[in-house]
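Colleague: I'll drop the sequence and a predicted model, then ask my questions.
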Amino acid sequence: MYNSRSLLDEAREALHRVWFVQSLEVIERTDATVSLRLTIRSALFVQAFVGELTNSLYFALIEDDRRIFGIDRESGQWHMHPYEAPFRHEFMSEGLEPKPLLKFLSRVEKILIENNLL
């Protein structure tokens, strides 16, 4: 099961391996949850959250305090909030395992480049 430790380990790996991630900050941590911020530039970052009790996982690309892209896992089901319409839920047949944060960041990289967000 993907847990708080898994997310933290993967985020530290991303900090060293992913060229556009500038910093990592633990926003909140409890016994069963962790919320992280991976900064790309001022006002642009990835928010990551894992909830162990509910087996939930949330990833969002945030610009100017609003989600512009996201992928979530709730009750074992993955869905995407596409860049073109981040308010929509599009169910995904495949998840992001085995390294969900790194796979999410790979999708973020495409969005950053294609939309000149850097």
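Modeller: Received it, and whenever you're ready, just let me know what you need.

Colleague: test my guess that residue 61 contacts residue 81.
Modeller: No - with contacts defined as CB atoms under 8 Å, residue 61 does not count as touching residue 81, sitting 9.3 Å away. For every residue, glycine as well, the C-beta is placed using N, CA and C.

Colleague: neighbour count: these two, which is higher?
Modeller: Between residue 61 and residue 81, residue 61 has the larger neighbour count (other CB atoms under 10 Å), namely 26 against 20.

Colleague: any idea which helix or strand carries the more buried one?
Modeller: Element membership for residue 61, per DSSP states H and E: strand 56-63.

Colleague: any idea what sits nearest residue 51, other than its immediate chain neighbours?
Modeller: Take residue 51 and drop its neighbours on the chain: the residue closest to it by CB to CB, 6 or more residues apart in numbering is residue 33, 5.0 Å away.

Colleague: would you mind measuring from the one you found to residue 50?
Modeller: 7 Å (CB to CB, to the nearest Å).

Colleague: same deal with residue 99?
Modeller: Separation of residue 99 from residue 50 (CB to CB) stands at 13 Å.

Colleague: now swap in residue 57 and tell me
Modeller: In this structure, residue 57 and residue 50 are separated by 5 Å, where distance is defined by CB to CB.

Colleague: now do residue 9
Modeller: Distance of residue 9 to residue 50, given as CB to CB: 11 Å.

Colleague: kindly report the same for residue 104.
Modeller: Here residue 104 is placed at a distance of 12 Å from residue 50 (CB to CB).

Colleague: so which of the two has more stuff around it?
Modeller: residue 50 (27 against 23).

Colleague: let me know the secondary structure of that one.
Modeller: Applying DSSP: H, G, I helix; E, B strand; the rest coil to residue 50 yields a three-state assignment of strand.

Colleague: these two touch, right, it and residue 2?
Modeller: Yes - under the criterion of CB under 8 Å, residue 50 makes contact with residue 2 at 6.4 Å.

Colleague: so what sits against both of the two?
Modeller: Common neighbours of residue 50 and residue 2, counting by CB atoms under 8 Å, 6 or more residues apart in numbering, are residue 57.

Colleague: how about stretch 17-37: buried residues?
Modeller: Neighbour counts over stretch 17-37 (16 or more other CB atoms under 10 Å) mark 18, 20-21, 24, 33-36 as buried.
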